[in-house]
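S.K.: coordinates only, sequence not included:
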């Protein structure tokens, strides 16, 4: 992410490079926003304080009594509800009507006035209290005051009317309920009386409860005693019969008499037992019936008692509510009326001006920084060090006169000459020479980055050291070196590769000692085919033996395939980057292509850079004084006269 590339020096450099645009934005935004802000009208604020009563009379029969004595949470809920009620349409309609802000006959105007009042009112609750602040804002201070006070009064009046309405509804409901309960009470009483008369309930016993008197019955104890006597007599007679059986036969009169007596006793016992069982069953039925009567009686009696209790309660509440309606009052009151504002509360002109210009400054700085980080081109040495691993070999300054491009050393610019010597030295450190001549390709990611100029000047400063240096114009399509040195393209690299001349015929000398050039030659139909031939490889190998340094000016990597073909044949590659012109993504693709071909990337040259206090290059422009008047060491050659043999001395 670009955030990781955030460095304070880069931010400062971005502001320095774009200070003019940032200043313009700062001034334009500041003036425009200030003018807009100062056109805003003054707004006045008024505050009215309203308080809810902590207690209320216990005569009220509605739900308001509950919250006053309920928990803290319920009280907060109620107060929150009151805030919403203050901003409700019924209250706002009263405010509009009392202040005559709109005619009620026009619904649209009345609704617009209601919305305007709602927008001007702000309700705030004082923390941990039952006090509310009604804040109103308006351009007219008198209207701000009237809005606050009228809203408070309208709300209290609304609450008073609602409380009276609550009392009225309570009384109406109580009257209806009392009438209904009176009818129910009378009906339940008549039902209880009818039941007592029907069941003939006269007394209440502890054992039976409210049980009616039972029908007459035999004494169970007497029947049981009679049965005991009959059983005893039966046993006695049977014993006599046993004794008679030993003396007499069954036909004997005494025997017959005892047998007959025993039969009569058994019959009498059976009759008494049946009679006792019938009496018991009848008694149980009467007890069950008495229990049922007792339960039904209790139900009827309880219904009468409940109806009577409710009736008495409603009558009592009816009287209390009737009295409460006579002394009804609202549960809110105005603690402090709003006063006439003495000055505007908004806007704060001084604070507004400070914030506006601070924002404008941030906006201007933000523009500079945003443009810097949205700019994907490489402008500084730090950019190259941040995004690429290969070293930076040198930084070449930007010539004000574009016609002097390629003649930086030859026009007396000592600073530019030192930059190319710096490049030559770093190249030697980065890529030491071997036994044979070095093949160095100078390329770029896009056209127009100055690689041809860099190649020519690098060859010149290398030739200054006495090394046999060869320049090969490998850009067969643009033929930049031929144009730079004003050479004839009739014979060159392409004519040799197609077999129309010898290699010696293509090598042309210059008036610069130790410097030779192989021009591109005529434009071939398929340059890539010629460059990818075995003859091209053999040619480069043979040239290694003849020259110490061989520099090839190749086409841009991102344009044609020619550079990739030549890259596979050379010892190292120098990438030229025009500062602030080519996207780093395009450069990265070129670097990826070099790595794919397993070629050695010697480093980068940052070209056409604007020097600021020696920030890009270790030598400051002030170090040499007037660079235009400086004299370079050694001989200098005019490219136009390179073939004519004219030498220039500075």
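M.R.: Cool, the structure landed. As the structure is a computational prediction, the values presented were derived from the model and not from experiment. Numbering: from 1, shown residues only.
S.K.: where does this structure dip in pLDDT?
M.R.: By pLDDT under 70, the low-scoring segments of the chain are 1-7, 10, 54-72, 167, 200-220, 318, 321-330, 399-415, 433-435, 611-650.
S.K.: residue boundaries of the strands in it?
M.R.: Ranges of strands in the chain, per DSSP state E, are 44-52, 121-125, 131-138, 332-336, 392-397, 438-444, 469-473, 508-509, 515-518, 549-553, 572-578, 601-609.
S.K.: between those strands, which one is nearest to residue 423?
M.R.: Of all the strands of the chain, it is strand 392-397 that lies closest to residue 423, at 3.5 Å by Cβ to Cβ. The C-beta positions use only the backbone N, C-alpha and C, and glycine is treated the same way.
S.K.: just how off-centre is the closest one within its chain?
M.R.: Relative to the chain's own centre, strand 392-397 is displaced by 47 Å; criterion: Cα atoms, centre = their mean, to the nearest Å.
S.K.: who does it touch, helix- and strand-wise?
M.R.: Judged by 3 or more Cβ pairs under 8 Å, 6 or more residues apart in numbering; DSSP states H and E, the packing partners of strand 392-397 are helix 381-387, helix 414-430, strand 601-609.
S.K.: ranking the strands of the chain by burial, who's on top?
M.R.: Most buried of the strands of the chain, by mean neighbour count (mean count of other Cβ atoms under 10 Å): strand 469-473, with a mean of 27.
S.K.: strands paired with that strand, and their directions?
M.R.: strand 515-518 (parallel), strand 549-553 (parallel) (DSSP bridges).
S.K.: rebuild the strands of the chain as a markdown table, extending it with distance to residue 370.
M.R.: Below are those laid out as a markdown table (distance: least, Cβ to Cβ, whole Å):
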| stretch | distance to residue 370 |
| --- | --- |
| strand 44-52 | 39 |
| strand 121-125 | 38 |
| strand 131-138 | 37 |
| strand 332-336 | 51 |
| strand 392-397 | 26 |
| strand 438-444 | 28 |
| strand 469-473 | 42 |
| strand 508-509 | 51 |
| strand 515-518 | 47 |
| strand 549-553 | 38 |
| strand 572-578 | 23 |
| strand 601-609 | 23 |
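S.K.: which one of those lies nearest to residue 153?
M.R.: Nearest of the strands of the chain (Cβ to Cβ): strand 332-336, 7.3 Å.
S.K.: now do that closest one against strand 131-138, angle only.
M.R.: 60 degrees (axes from the mean of the first three to the mean of the last three Cα atoms, to 10 degrees).
S.K.: what angle do strand 332-336 and strand 44-52 make?
M.R.: Computed by the same axes, to 10 degrees, the angle separating strand 332-336 from strand 44-52 equals 140 degrees.
S.K.: okay, now the sheet partners of strand 332-336, with direction.
M.R.: With DSSP bridges as the test, strand 332-336 pairs up with strand 44-52 (antiparallel).
S.K.: need the single longest helix in the protein, by residues.
M.R.: In the chain, assigned by DSSP state H, the helix with the most residues is helix 253-326.
S.K.: packing partners of that helix?
M.R.: Using 3+ Cβ pairs under 8 Å, 6+ apart as the contact definition, the elements that helix 253-326 packs against are helix 141-199, helix 220-245.
S.K.: looking at those, which is closest to residue 301?
M.R.: Here helix 141-199 is closest among those (Cβ to Cβ), at 6.2 Å.
S.K.: and residue 138, how far from residue 28?
M.R.: Noted for residue 138: a distance of 33 Å to residue 28, by Cβ to Cβ, to the nearest Å.
S.K.: could you do residue 273 as well?
M.R.: Taken as Cβ to Cβ, the span from residue 273 to residue 28 is 128 Å.
S.K.: which one of the strands of the chain lies nearest to residue 286?
M.R.: Among those, strand 44-52 sits nearest to residue 286 (Cβ to Cβ), with 68.1 Å.
S.K.: how far does that closest one sit from its chain's centre?
M.R.: The answer for strand 44-52 is 36 Å, by Cα atoms, centre = their mean.
S.K.: what angle do that strand and strand 121-125 make?
M.R.: Going by the same axes, to 10 degrees, strand 44-52 makes 40 degrees with strand 121-125.
S.K.: need the winner for burial among the helices and strands packed on strand 392-397.
M.R.: By mean neighbour count, with neighbours taken as mean count of other Cβ under 10 Å, strand 601-609 ranks first of the helices and strands packed on strand 392-397 at a mean of 23.
S.K.: contacts for that strand?
M.R.: Residues outside strand 601-609 that contact it (Cβ atoms under 8 Å, 6 or more residues apart in numbering): 378-381, 384, 388, 390-398, 423, 426-427, 430-431, 440, 449-450, 453-454, 572-579, 581, 591, 594-595, 616-617.
S.K.: tell me the strands beside it, with direction?
M.R.: strand 392-397 (parallel), strand 572-578 (parallel).
S.K.: residue 172: which of the ones you listed is closest?
M.R.: Closest of the strands paired with strand 601-609 to residue 172 is strand 572-578, at 93.5 Å (criterion: Cβ to Cβ).
S.K.: how about the helices and strands packed on helix 253-326 in a markdown table, adding mean neighbour count and distance to residue 294?
M.R.: Shown next, in a markdown table, are these (neighbours: other Cβ atoms under 10 Å; distance: least, Cβ to Cβ, whole Å):
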| stretch | mean neighbour count | distance to residue 294 |
| --- | --- | --- |
| helix 141-199 | 17 | 10 |
| helix 220-245 | 13 | 23 |
